[in-house]
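Asker: kindly return the folded structure for what I paste below:
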Amino acid sequence: MVNVATLGTANQSTLAYNWYATNALDGLNSTCTHTELQSDPWWSLDLMKTYSVNRVTLTNRPLCCGDRLNGAEIRIGNNSLDLFSNPVCATVSSIPDGATSSYSCDGMEGRYVTVNIPGDSKILTLCEVGVYAIFPDYLTGRNVTQSSTYGLWYAKQAIDFNPGFRKSWSSCSSTDIQTDPWWRLDLGSAHRVNRVVVTNRLDCCPERINGTEIHIGNSLENNGNNNPICAVISSIPAGASSTFTCNRMEGQYVNLFIPGDSKILTLCEVEVYGGLSYKKTFVKMKLKSSSSLSDPEMRVQLLSQLRSALAKQGVSGVTLQWTQPPAAEREVMWKEDASAQCAGGEECCPNHL
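Answerer: Okay, the predicted model is just below:
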């Protein structure tokens with residue numbers, strides 16, 4: 001799970017003592033938000049796009065007035081015109097002064113997270129808010145690179161879960177002006193890619209991304225830019241995210257590439273979703289031995305031979321073990337190594353050879 005709260009923009013119903021709504025997102029428990037004394041005060045966070053929210057954390061004010069947060073409602077939804085109509089995730093009974101409480105939202109979908117206190121003569125103060133989202137089929141890349149780098153706009157900043165709406169130079173990637181600029185994500189192994197989400201720069205120059213091609217494949221020929229095309233980006237509004245469906249295209253490398261002269265490729269976030277690509281492999285072995293499989297050393301030797309046979313078929317990173325004493329079934333099971341996980345929503349390898 002990832003805390004996506006800092007990716008959004010915050011607002012509140014009123015402002016008192018220069019205790020701004022953004023103070024709840026600065027990572028400092030010593031700076032807080034504060035509304036005026038009013039009816040139904042609220043604080044709201046626009047996450048900029050819809051997330052599946054697993055939990056929300058609230059940090060109360062230290063040293064004073066902790067009971068003011070009693071009865072606060074946490075709402076999550078997509079209605080921006082009437083925030084109070086969005087469903088309630090949880091209601092705060094009490095949080096001790098300076099303490100942080102966590103509230104489970106069980107994957108509620110929404111772009112807007114609101115904390116409100118119903119009633120007259122109320123004050124809403126929040127010292128920190130965390131919003132933890134679920135990414136069930138998000139693919140994390142091992143290496144990311146780009147054709148050139150402008151200043152401090154490093155390639156890895158396009159996969160840092162920060163779209164750079166406040167400081168694009170520290171959260172977005174960008175090449176120099178050049179011919180055919182590109183950015184590449186290495187997934188570490190072949191995956192089936194369902195979709196790619198691209199977030200454009202907010203502060204300027206949204207048209208620079210026009211014509212960008214998304215390539216997916218297993219080849220590094222021409223730096224990966226010769227792999228098959230999933231989609232071509234016609235345009236993305238400033239600060240917006242667009243989703244491109246790739247229909248389970250297989251590949252280890254995801255490239256974004258702009259063909260042409262005098263181009264600049266700027267990416268504020270790239271998200272790749274899908275699952276591991278599995279292939280069924282069947283291995284036949286002939287056993288020529290007078291030794292009994294009830295002998296532990298013989299069983300170890302057999303598994304070693306089978307591991308070598310699998311490696312010759314291109315299957316590696318697996319652990320072999322007997323499912324039960326071999327005298328009964330002569331059955332060997334193989335399973336994925338702990339370092340390789342089956343992505344959510346995808347079918348895993350068959351359990352038996």
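Asker: count of residues packed around the closest residue to residue 118 other than its chain neighbours?
Answerer: Take residue 118 and drop its neighbours on the chain: the residue closest to it by Cβ to Cβ, 6 or more residues apart in numbering is residue 40, 5.7 Å away. (C-beta placed from N, C-alpha, C; glycine too.) The local packing of residue 40 (other Cβ atoms under 10 Å) involves 14 other residues.
Asker: phi, psi of residue 40?
Answerer: phi 50, psi 60 (degrees, to the nearest 10).
Asker: wait, it touches residue 117, no?
Answerer: Yes. Counting by Cβ atoms under 8 Å, residue 40 does reach residue 117; the two are 7.0 Å apart.
Asker: where exactly do the helices run in the protein?
Answerer: Taking DSSP state H as the criterion, the chain carries its helices at 168-171, 296-312, 326-329.
Asker: one step back: distance check, the residue nearest to residue 118 against residue 87.
Answerer: 17 Å (Cβ to Cβ, to the nearest Å).
Asker: and if you look at residue 102?
Answerer: Distance, residue 102 to residue 87, using Cβ to Cβ: 18 Å.
Asker: again with residue 160
Answerer: Distance of residue 160 to residue 87, given as Cβ to Cβ: 30 Å.
Asker: repeat that for residue 28.
Answerer: 30 Å.
Asker: and if you look at residue 33?
Answerer: For residue 33 relative to residue 87 (Cβ to Cβ), the value is 23 Å.
Asker: higher neighbour count, the two?
Answerer: Here residue 33 and residue 87 are compared on neighbour count by other Cβ under 10 Å; more neighbours surround residue 33, at 25 against 13.
Asker: tell me the contacts of the more buried one?
Answerer: Counting by Cβ atoms under 8 Å, 6 or more residues apart in numbering, residue 33 touches 10, 12, 19-21, 23-24, 43, 124-127.
Asker: want to throw these into TSV with distance to residue 263 and neighbour count?
Answerer: Below are those laid out as TSV (distance: Cβ to Cβ, whole Å; neighbours: other Cβ atoms under 10 Å):
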residue	distance to residue 263	neighbour count
10	35	20
12	41	25
19	45	18
20	39	17
21	38	20
23	40	21
24	39	26
43	42	24
124	47	23
125	48	22
126	44	24
127	45	23
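Asker: from the residues you listed, which is closest to residue 182?
Answerer: Nearest to residue 182 out of those is residue 10 (Cβ to Cβ; 35.4 Å).
Asker: so what's the closest one bridging to?
Answerer: Listed by DSSP bridges, the beta-bridge partners for residue 10 are residue 45.
Asker: my read is that it contacts residue 42, right?
Answerer: No. Residue 10 is beyond contact range of residue 42, at 11.1 Å (criterion: Cβ under 8 Å).
Asker: low-confidence stretches in the protein?
Answerer: Along the chain, segments meeting pLDDT under 70 span 142, 165-167, 278-291, 311-319, 322-353.
Asker: domain map for it?
Answerer: Following automatic domain parsing, one gets these domains for the chain: 2-133, 143-276, 279-353.
Asker: mind checking the end-to-end distance for the second one?
Answerer: Looking at domain 143-276, the gap from its leading to its trailing residue is 17 Å under the measure Cα to Cα, to the nearest Å.
Asker: quick one: distance of it to the chain centre.
Answerer: The gap between where domain 143-276 is centred and where its chain is centred comes out at 15 Å by Cα atoms, centre = their mean, to the nearest Å.
Asker: in stretch 31-39, what's buried?
Answerer: 32-35, 38 (16 or more other Cβ atoms under 10 Å).
Asker: looking at the residues you listed, which is nearest residue 193?
Answerer: Of all these, residue 193 sits closest to residue 33, with 40.1 Å by Cβ to Cβ.
Asker: quick check: phi and psi at the closest one.
Answerer: phi -90, psi 170.
Asker: now the nearest residue to residue 150 once chain neighbours are set aside, which residues is it bridged with?
Answerer: Distances taken as Cβ to Cβ, 6+ apart place residue 174 nearest to residue 150, at 4.5 Å, with adjacent residues excluded. Here residue 174 sits in beta bridges with residue 266, going by DSSP bridges.
Asker: from residue 33, how far off is residue 84?
Answerer: 18 Å.
Asker: and if you look at residue 4?
Answerer: Taking Cβ to Cβ, one finds residue 4 at 18 Å from residue 33.
Asker: again, but for residue 141
Answerer: 36 Å.
Asker: over to residue 178?
Answerer: 44 Å.
Asker: residue 114: what's it in contact with?
Answerer: By Cβ under 8 Å, 6+ apart, residue 114 lies in contact with 42-45, 73-76, 83-84, 86.
Asker: now, of these, which are buried?
Answerer: For those, buried by 16+ other Cβ under 10 Å: 42-45, 73-76, 83, 86.
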